[in-house]
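Engineer: sequence? don't have it. structure:
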């Protein structure tokens with residue numbers, strides 16, 4: 001399997017492509033990473049060095065890949081934090097180029113906009129771009145609860161609200177939705193829910209809530225879910241595999257008191273999760 005991943009890059013730590021590429025490679029995927037930025041570390045540290053690349057470089061790199069004659073073998077495109085509407089437009093152009101070469105290729109968009117408690121943390125125009133441009137073109141989207149509410153246009157208080165929001169997003173384009181970090185009035189204290197919705201049905205997984213969620217966890221689970229969905233075509237299978245793997249990584253990260261995801265140290269979790277969480281059909 002070949003996946004084109006267009007995301008940020010950091011020299012130290014694991015966010016963006018540095019949270020997505022290695023887990024996919026460990027699972028046997030050939031990943032073609034294109035970086036939208038190159039920073040020393042993620043911005044959560046408050047200080048970093050590096051630069052944001054111009055949007056045009058994405059088209060240049062896709063053109064160079066196309067010149068190798070390999071785009072017909074690209075199974076999917078993965079994107080995360082976009083940084084600017086110009087970057088977003090370049091990503092959608094890359095998706096169109098891949099789809100023109102392989103009509104079966106899928107696009108997974110992690111619509112990074114904000115989070116509960118933090119609000120919107122991306123630049124002006126990005127939320128609207130995600131809602132109006134990226135969402136309708138995506139086959140798979142992986143919003144957190146805050147992003148789900150923004151994209152659907154209503155608050156999610158209970159599971160019925162979440163399902164209603166999924167219906168609204170399905171009508172706008174994506175066949176498959178993974179909601180991460182979902183907490184409704186039905187979620188017990190000390191737990192967190194994840195919900196997958198697609199043609200196969202709706203499936204819920206509930207895991208213990210850990211005391212940390214390092215930067216990059218959302219990037220990693222989006223990549224894992226997309227891969228398992230591409231391979232199996234099943235919402236339930238993709239949800240079980242992705243959640244079980246990322247929980248194992250997060251649990252080891254918590255035990256080590258690490259600020260960065262222990263992707264290398266915990267890499268066996270990607271192929272043989274130490275704990276399996278089985279989805280429940282709802």
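Structural biologist: Perfect, thanks for sending it. The shown structure was predicted, so the numbers you read here are calculated from the model rather than taken from an experiment.
Engineer: and the strands in the chain?
Structural biologist: With DSSP state E, the ranges of strands along the chain come out as 2-10, 30-39, 50-52, 76-79, 106-109, 114-115, 119-120, 140-141, 176-182, 191-198, 201-208, 280-281.
Engineer: count of neighbours near residue 68?
Structural biologist: Using other CB atoms under 10 Å, residue 68 is surrounded by 8 other residues. Using the backbone N, CA and C atoms, a C-beta is placed for each residue, glycine as well.
Engineer: quick one, phi psi at it?
Structural biologist: Phi and psi for residue 68, reported as degrees, to the nearest 10, are phi -80, psi -10.
Engineer: so which bits of stretch 38-53 are buried?
Structural biologist: Buried residues in stretch 38-53, defined by neighbour count with 16 or more other CB atoms under 10 Å: 39, 41, 42, 43, 48, 53.
Engineer: okay, now the residue nearest to the third one when sequence neighbours are not counted: neighbour count?
Structural biologist: Read that as residue 42. Residue nearest to residue 42 in three dimensions, not counting chain neighbours: residue 15, with 4.4 Å by CB to CB, 6 or more residues apart in numbering. Counted by other CB under 10 Å, the residues lying close to residue 15 total 27.
Engineer: now residue 28
Structural biologist: 10.
Engineer: residue 8 is in contact with the residue nearest to residue 42, correct?
Structural biologist: Yes. Assessed by CB atoms under 8 Å, residue 15 is found in contact with residue 8 at 6.5 Å.
Engineer: which neighbours do these two share?
Structural biologist: Between them, residue 15 and residue 8 share no contacting residue under CB atoms under 8 Å, 6 or more residues apart in numbering.
Engineer: tell me the contacts of residue 190?
Structural biologist: 208, 209.
Engineer: measure it to residue 20 for me?
Structural biologist: Residue 190 sits 29 Å away from residue 20, going by CB to CB, to the nearest Å.
Engineer: kindly report the same for residue 195.
Structural biologist: Distance of residue 195 to residue 20, given as CB to CB: 21 Å.
Engineer: who's more crowded, these two?
Structural biologist: The neighbour count for residue 195 versus residue 20, taken as other CB under 10 Å, is higher for residue 20 (31 against 26).
Engineer: quick check: the more buried one touching residue 223?
Structural biologist: Yes. Under the criterion of CB under 8 Å, residue 20 makes contact with residue 223 at 3.7 Å.
Engineer: common neighbours of these two, please.
Structural biologist: Counting by CB under 8 Å, 6+ apart, the residues touching both residue 20 and residue 223 are 5, 78.
Engineer: pairing partners for residue 193 in the sheet, please.
Structural biologist: residue 182, residue 206 (DSSP bridges).
Engineer: what sits against it?
Structural biologist: Applying CB under 8 Å, 6+ apart to residue 193 gives the contacts 182, 183, 184, 187, 204, 205, 206.
Engineer: buried subset of those?
Structural biologist: 182, 187, 204, 205, 206.
Engineer: check these and tell me the two furthest apart.
Structural biologist: Put simply, by CB to CB the two of these set farthest apart are 187 and 205, 11.5 Å from each other.
Engineer: could you pull out the buried residues of stretch 137-156?
Structural biologist: Buried, per 16+ other CB under 10 Å, within stretch 137-156: 138-152, 156.
Engineer: now do the same end-to-end measure for it.
Structural biologist: End-to-end span of stretch 137-156 (CA to CA, to the nearest Å): 24 Å.
Engineer: same question, stretch 267-282
Structural biologist: First residue to last in stretch 267-282 (CA to CA) measures 31 Å.
Engineer: how far away from the center of its chain is that stretch?
Structural biologist: Centroid displacement of stretch 267-282 relative to its chain, using CA atoms, centre = their mean, to the nearest Å, is 17 Å.
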